[in-house]
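sequence first, predicted coordinates after that:
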Amino acid sequence: MENARQMAEYRVEEEKRRAEAAAEYERRRAEEAAEYDRRSKEEERRRKEAAAAAEKRQAEYEKRRAEADELYARQIAEYRAEAEKHRAEADRRAAEAEKRGAELDRRIREVNEAVNGIGKSNGMFAEDFFFTTIENGDRKIFGEQFENCFSLQKRNSKEHRIMGEQDIILLSDESVAFVEVKYRARKDDVQKIIDKLPNLRILYPQHDSRRIYLGIAALSFDKGVEETCNNNGIAIVKQVGDTVVINDEYLKTF
């Protein structure tokens with residue numbers, strides 16, 4: 001009997017423990033389920049907040065991009081309008097400059113024509129003055145007596161393909177003098193006279209046996225021209241009033 005009673009108590013106690021364990025399991029399972037639900041809801045809340053924030057940022061980005069596009073389009077339109085304005089102004093100024101340039105070219109041509117006319121007139125006056133004065137004088141110049149005086153002698157050599165024009169030529173039995181006439185003598189004129197010497201020998205072969213003198217006659221001389229003539233043995237013929245003065249101190253035979 002005692003064993004049966006103990007066995008019954010044991011069974012009751014065992015059932016009690018099982019019921020308590022089952023109740024504890026259910027309690028924990030309910031807590032875990034509740035915690036899972038809470039976490040799920042929290043995750044969903046965070047996901048929705050993140051989605052809402054992303055959507056807000058996207059909307060903000062779209063708004064700023066639209067504003068930037070609008071600003072860019074406005075700036076491009078303003079730039080093009082300003083560029084067109086400048087281009088039109090540049091075209092207008094270019095047209096005015098071209099017009100002024102054409103007018104300037106016309107005036108320059110007129111001035112050049114006038115200056116060339118004056119230059120030719122001055123040159124003709126100088127040539128006429130020196131030739132007439134020398135021809136009507138005693139022609140005793142360069143230390144010799146010249147019987148003949150010629151002006152504006154033009155010669156050409158087809159064989160050597162050269163041509164030349166001499167302003168004044170003085171001729172004697174033993175000598176020939178070539179005088180270049182200038183309204184205003186410059187330094188480079190002296191070198192040109194010297195450079196012409198080989199052609200003179202070709203153009204005037206009949207004077208090979210004669211002494212050759214070179215001279216330059218001018219109404220005015222630039223600074224240093226007379227010294228250059230002296231250094232190169234070229235005679236200087238200058239106007240003094242109605243007559244001429246000849247400096248042949250350093251004259252040499254070519």
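Received the coordinates, thanks.

just the strands in the chain please.
Along the chain, counting by DSSP state E, strands occupy 140-141, 144-145, 148-157, 162-171, 175-185, 211-221, 235-240, 243-247.

buried stuff in the fifth one?
The one in question is strand 175-185. The neighbour-count check on strand 175-185 (16 or more other C-beta atoms under 10 Å) flags 175-183, 185 as buried. C-beta coordinates here come from the backbone N, C-alpha and C atoms, glycine included.

other SSEs contacting that strand?
The elements that strand 175-185 packs onto, with contact taken as 3 or more C-beta pairs under 8 Å, 6 or more residues apart in numbering; DSSP states H and E, are helix 2-136, strand 162-171, helix 187-203, strand 211-221, strand 235-240.

CA atoms only: put that strand into PDB for me.
Written as PDB, here are the backbone C-alpha positions of strand 175-185 (Å, rounded to 0.1, in the frame of the first residue of the first chain):
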ATOM      1  CA  SER A 175      87.900 110.300-120.300                       C
ATOM      2  CA  VAL A 176      84.200 109.800-119.700                       C
ATOM      3  CA  ALA A 177      82.200 110.900-116.600                       C
ATOM      4  CA  PHE A 178      78.900 109.400-115.600                       C
ATOM      5  CA  VAL A 179      76.900 111.700-113.300                       C
ATOM      6  CA  GLU A 180      73.900 110.500-111.400                       C
ATOM      7  CA  VAL A 181      71.400 113.300-110.600                       C
ATOM      8  CA  LYS A 182      69.100 113.200-107.500                       C
ATOM      9  CA  TYR A 183      66.800 115.800-106.000                       C
ATOM     10  CA  ARG A 184      67.900 114.500-102.600                       C
ATOM     11  CA  ALA A 185      71.000 112.300-102.300                       C
END
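
avg pLDDT for it?
Averaged over strand 175-185, pLDDT sits at 94.

ok, stretch 142-157 next?
In this model, stretch 142-157 has an average pLDDT of 81.

kindly report the same for stretch 47-63.
pLDDT averaged over stretch 47-63 gives 79.

now do that stretch: distance to the chain's middle.
The chain centroid and the centroid of stretch 47-63 are separated by 59 Å under C-alpha atoms, centre = their mean, to the nearest Å.

do the same with stretch 6-25
112 Å.

ditto for stretch 228-241
Stretch 228-241 sits 44 Å away from the centroid of its parent chain (C-alpha atoms, centre = their mean).
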